[in-house]
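1. What shape does this take:
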Amino acid sequence: KTAYEIRNCDWSSDVCSSDLALSLLLISACGDGVTDVSNNDFSASEPFRFEFGREDRSRFVLDGISGDITLEATSPDSIIIQGERRVESDSQSDALARLANLRVEVAETDNEIRVRTEQPSNSRGRNYVVDYSVALPADFVVDIDAVNGEVSVGSLRSPVLVSSVNGIVSAEDIEASTVG
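-> Here you go, the predicted structure:
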């Protein structure tokens with residue numbers, strides 16, 4: 001997946017400065033209809049919750065983009081993933097309209113639960129935030145990849161891998177290898 005999108009537009013190869021107004025009009029016509037915002041004074045949010053039985057699973061993977069992640073080994077027989085999706089924008093109606101573009105995707109296999117934040121590649125000045133709170137068995141192998149936000153893990157007895165681009169990472173009561 002790329003961080004940009006190319007629209008199929010009919011562009012003339014001979015554009016000069018006198019065609020600037022026409023070029024701007026064409027750029028607007030090829031846009032996605034989403035305008036930039038100048039502040040984030042309003043927000044819309046929605047809670048989420050997923051729960052899975054332990055079964056034969058032993059691994060948990062979370063890829064977060066923006067938001068805090070708290071993971072604790074407090075659930076011996078299940079995996080509980082809950083939190084809040086939030087969009088901050090310059091109007092309440094815009095924030096609410098964009099909330100549908102911010103998703104939490106959960107996939108399960110025989111041995112793994114994989115969680116991923118999905119959001120537009122261009123925020124156009126909006127803040128897209130997902131805060132996660134996860135409870136799982138202490139012997140799960142954990143792999144967290146975060147871009148922006150605090151990550152806190154605790155009470156685990158298996159290997160933990162935490163990668164964070166921008167944010168504080170804290171680990172408490174870990175009785176296995178940690179890498180960060």
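
2. Residue nearest the middle of this protein, spatially speaking?
-> The centre of the chain sits closest to residue 117, judged by CA atoms, centre = their mean, with a distance of 3.1 Å.

3. how about that one, what does it touch?
-> 63, 64, 65, 66, 67, 102, 103, 104, 105, 130 (CB atoms under 8 Å, 6 or more residues apart in numbering). Where you see a C-beta, it was placed from the backbone N, CA and C, and this is true even at glycine.

4. I'd like to know how far it sits from residue 106.
-> Residue 117 sits 11 Å away from residue 106, going by CB to CB, to the nearest Å.

5. before we move on, what about residue 150?
-> According to CB to CB, residue 150 stands 22 Å off from residue 106.

6. Check residue 67 too.
-> Taking CB to CB, one finds residue 67 at 16 Å from residue 106.

7. re earlier: looking at the contacts of residue 117, which one is closest to residue 35?
-> residue 102 (17.7 Å; CB to CB).

8. quick one, what contacts that closest one?
-> For residue 102, the contacting residues are 85, 86, 87, 117, 118, 119, 128, 130, by CB under 8 Å, 6+ apart.

9. Okay, and the residue nearest to residue 48 when sequence neighbours are not counted sits in which element?
-> Excluding its sequence neighbours, the residue lying closest to residue 48 (CB to CB, 6 or more residues apart in numbering) is residue 104, at 5.5 Å. For residue 104, the host element (DSSP states H and E) is strand 103-108.

10. what's the offset of that strand from the middle of its chain?
-> Put simply, strand 103-108 sits 11 Å off its chain's centre (CA atoms, centre = their mean, to the nearest Å).

11. do the same with stretch 74-88
-> 13 Å.

12. Could you say which helix or strand holds the residue lying closest to residue 108 once chain neighbours are set aside?
-> Once flanking residues are discounted, residue 108 sits nearest to residue 52: 6.2 Å by CB to CB, 6+ apart. For residue 52, the host element (DSSP H and E) is strand 42-53.

13. Who are the packing partners of that strand?
-> Counting by 3 or more CB pairs under 8 Å, 6 or more residues apart in numbering; DSSP states H and E, the packing neighbours recorded for strand 42-53 are strand 78-89, helix 92-98, strand 103-108.

14. If we use 10 Å, what do you get?
-> Strand 42-53 is packed against strand 78-89, helix 92-98, strand 103-108, strand 112-118, strand 127-135, with contacts defined by 3 or more CB pairs under 10 Å, 6 or more residues apart in numbering; DSSP states H and E.

15. Save these as a markdown table, and put in mean pLDDT too.
-> Compiled in a markdown table, those are given as follows (pLDDT from 0 to 100):
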| stretch | mean pLDDT |
| --- | --- |
| strand 78-89 | 97 |
| helix 92-98 | 96 |
| strand 103-108 | 97 |
| strand 112-118 | 97 |
| strand 127-135 | 98 |
